[in-house]
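Student: take a look and give me a structure for this.
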Amino acid sequence: MTPELHVLTLAALLQVVQFVLYSVAANLQVGSKAAMGPRDKKVELTGTAGRLQRAMNNHFEGLILFTIAVLVVTLSDKSNTITQAAAHTYLIARILYIPAYVQGLAPWRSVIWMVGFLATLTMLIAALF
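Tutor: A predicted model of the protein is given here:
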């Protein structure tokens, strides 16, 4: 397994952790009856639960592009110290993004997001050369 695939696996596990955090916070906010109900009416989460939900959804979006980058690097056999460092940078940024989002740390949340995005972009560009 390449280091990039290893980091992708960890990033997927981070998504699982985010889902659990969001689910617990959402259940505490809306109650188990609403959480287990048919959800015919949209429930807007607020506060920590809403932020955890948005952070999780943001990671889903970022994980798609990161997965593409990892696959391109791996399948083209372009793994090197730059792509490996970029993959680790992406994961660290995504880990830091969660508390930054939950605590509403502006502008740091956006800065952290940009670091992760640039790390993914670095991997894509490195795979081309």
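
Student: drop to CA atoms for contacts and neighbour counts, all remaining ones
Tutor: Fine.

Student: buried residues in the helix or strand harbouring Val111?
Tutor: Val111 is part of helix 108-128, with elements assigned from DSSP states H and E. By 16 or more other Cα atoms under 10 Å, the buried positions in helix 108-128 come out as 109, 112-113, 115-117, 119-124, 126-127.

Student: now those residues as TSV including pLDDT?
Tutor: Shown next, in TSV, are the buried residues of helix 108-128 (pLDDT from 0 to 100):
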residue	pLDDT
Arg109	95
Ile112	97
Trp113	97
Val115	98
Gly116	98
Phe117	98
Ala119	98
Thr120	98
Leu121	98
Thr122	98
Met123	98
Leu124	97
Ala126	96
Ala127	95
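
Student: got the residues you listed as JSON lines, with distance to Glu4 columns?
Tutor: As requested, these are exported to JSON lines (distance: Cα to Cα, whole Å):
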{"residue": "Arg109", "distance to Glu4": "24"}
{"residue": "Ile112", "distance to Glu4": "20"}
{"residue": "Trp113", "distance to Glu4": "19"}
{"residue": "Val115", "distance to Glu4": "17"}
{"residue": "Gly116", "distance to Glu4": "14"}
{"residue": "Phe117", "distance to Glu4": "15"}
{"residue": "Ala119", "distance to Glu4": "12"}
{"residue": "Thr120", "distance to Glu4": "11"}
{"residue": "Leu121", "distance to Glu4": "14"}
{"residue": "Thr122", "distance to Glu4": "13"}
{"residue": "Met123", "distance to Glu4": "10"}
{"residue": "Leu124", "distance to Glu4": "12"}
{"residue": "Ala126", "distance to Glu4": "13"}
{"residue": "Ala127", "distance to Glu4": "12"}
